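Need coordinates for the following:
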Amino acid sequence: MKKLAVIGSINMDMTAEAERMPGRGETVAAQGLAYYPGGKGANQAVAAARLGAKVAMYGCVGDDAFADALINNLEKNGVDATRVERLKGTPSGMAIITVAQGDNSILVVSGANGKVTREYVDAQWESISQADIIILQNEIPMETVRHAIELGHEAGKYIIYNPAPAAEISPEILDKVSCLTPNEHEAALIFGTEKDIPALLKEYPEKLIVTLGEKGAAMARADGTVLEIPAMKARVADTTGAGDTFIGALACALAEDRSLDDAIRFANTASGLSVQKPGAQGGMPTRTEVEAVLQKNP
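Numbers count the residues shown, from 1 in each chain. Presented below is the predicted three-dimensional model:
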């Protein structure tokens, strides 16, 4: 199996459950508060590792009470966290999440994630370059993301770029990415709303994969045919981390040299399983769980 390197955010998620989302200026009583390890980078690393991939995490935590818990959680889930840097005088990243009616809203405090710099990537590059697939998101500085993409492209790495939260992507950077994985909302912010999803997919065959929530995911094949793979039916408990599970599972499947079609089916199944339990990482499935579903619904 090929090796994965995830460069990205490591957060502690503070999740409050409520009957409904508060409106502007409104106070709504929460039914509970729980702490879950999260961050898009860490989530994607854990998702891939639980499915059997060889994953190393690159990022930063602070020197607060959350730092040990975040690193221990990565290691417990089979992620190599030896290159995660602890920063003095800096808080670890945090996400404040409200879960209501099967959906969520999220506020992110970058903390140590905001100090994952170009210099950090350069210092870790000898280790990062041992991986075959590099995974990136937008919860670390954009300058660092672009730098890592450029280094990875020069080194001939397969680069999966999850542009979340959505940010402008230059044509030069897009050319250097192997696989771009926005959701519908992010795709509209990045590419505009003049073209619908099928038209966008045809512009970037076998590169652009758009996740569609409960409708699954879509990609255009090299011949221009649009492949739409529906999501599995699931009883939703918490959608937090479902997109990250998709990315981690996609990377795991590609590390096994599966086709993109097959990798998307595998990722859709993992994502569908993940929403049935609370917490970004709490519901992330194992390989056995995903294979069991795929055997029943090939």
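
Out of the helices and strands in this protein, which is least certain?
strand 103-109 (a mean of 83; mean pLDDT, DSSP states H and E).

and that strand, which residues are buried?
Neighbour counts over strand 103-109 (16 or more other C-beta atoms under 10 Å) mark 104, 106, 108 as buried. C-betas here are computed from N, CA, C, even on glycine.

wait, which of these is closest to R20?
Closest to R20 out of the buried residues of strand 103-109 is N104 (12.2 Å), distances taken as C-beta to C-beta.

so who does the closest one touch?
Residues near N104 by C-beta atoms under 8 Å, 6 or more residues apart in numbering: 97-98, 238-240.

Any figure for the gap between it and D238?
According to C-beta to C-beta, to the nearest Å, N104 and D238 sit 7 Å apart.

And for P230?
When P230 is compared with D238 (using C-beta to C-beta), they lie 21 Å apart.

Settle it for me: which of the two has more neighbours?
Under the neighbour definition other C-beta atoms under 10 Å, P230 and D238 were set side by side, and D238 has more, 23 against 14.

per-residue confidence for that one?
Reported pLDDT at D238 in the predicted model: 71.

for the helix or strand encompassing A292, which positions count as buried?
Assigned by DSSP states H and E, A292 belongs to helix 287-296. By 16+ other C-beta under 10 Å, the buried positions in helix 287-296 come out as 289-290, 293-294.

for stretch 250-259, same thing?
In terms of neighbour count (16+ other C-beta under 10 Å), stretch 250-259 has its buried residues at 250-255.

can you pull the contacts of the closest residue to A53 other than its chain neighbours?
Excluding the flanking residues, the one nearest A53 by C-beta to C-beta, 6 or more residues apart in numbering is C252, at 4.1 Å. If you count contacts by C-beta under 8 Å, 6+ apart, C252 has them with 4, 47-48, 51-53, 266.

Take those residues and write them to a markdown table, including distance to L212 and secondary structure.
What follows is the contacts of C252, written out as a markdown table (distance: C-beta to C-beta, whole Å; DSSP: H, G, I helix; E, B strand; the rest coil):
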| residue | distance to L212 | secondary structure |
| --- | --- | --- |
| L4 | 24 | strand |
| A47 | 18 | helix |
| A48 | 21 | helix |
| L51 | 21 | coil |
| G52 | 26 | coil |
| A53 | 24 | coil |
| F266 | 16 | helix |
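
Of those residues, which is the most crowded?
Counting by other C-beta under 10 Å, top hit in these: A47 with 33 neighbours.

wait, doesn't G32 sit right on A16?
Yes: counting by C-beta atoms under 8 Å, G32 sits close enough to A16 to count as a contact (7.1 Å).

More neighbours: which of the two?
Neighbour count, other C-beta under 10 Å: between G32 and A16, A16 has more, with 16 against 10.

Off-centre distance for the helix or strand hosting I209?
In the assignment (DSSP H and E), I209 maps to strand 209-211. The chain centroid and the centroid of strand 209-211 are separated by 12 Å under C-alpha atoms, centre = their mean, to the nearest Å.

Can you name the residues in contact with it?
179-184, 187, 197, 200-201, 217-219, 243, 246, 250, 260, 264, 271.

quick one on the thing from earlier: of the contacts of N104, closest to G283?
Taking C-beta to C-beta as the measure, D238 is the one of those closest to G283, at 6.9 Å.

how many other residues sit next to G93?
Look at G93: counted by other C-beta under 10 Å, it has 31 neighbours.

In terms of pLDDT, where does it sit?
Looking at G93, the pLDDT reads 97.

now do G25
92.

helix/strand/coil for G279?
coil (DSSP: H, G, I helix; E, B strand; the rest coil).
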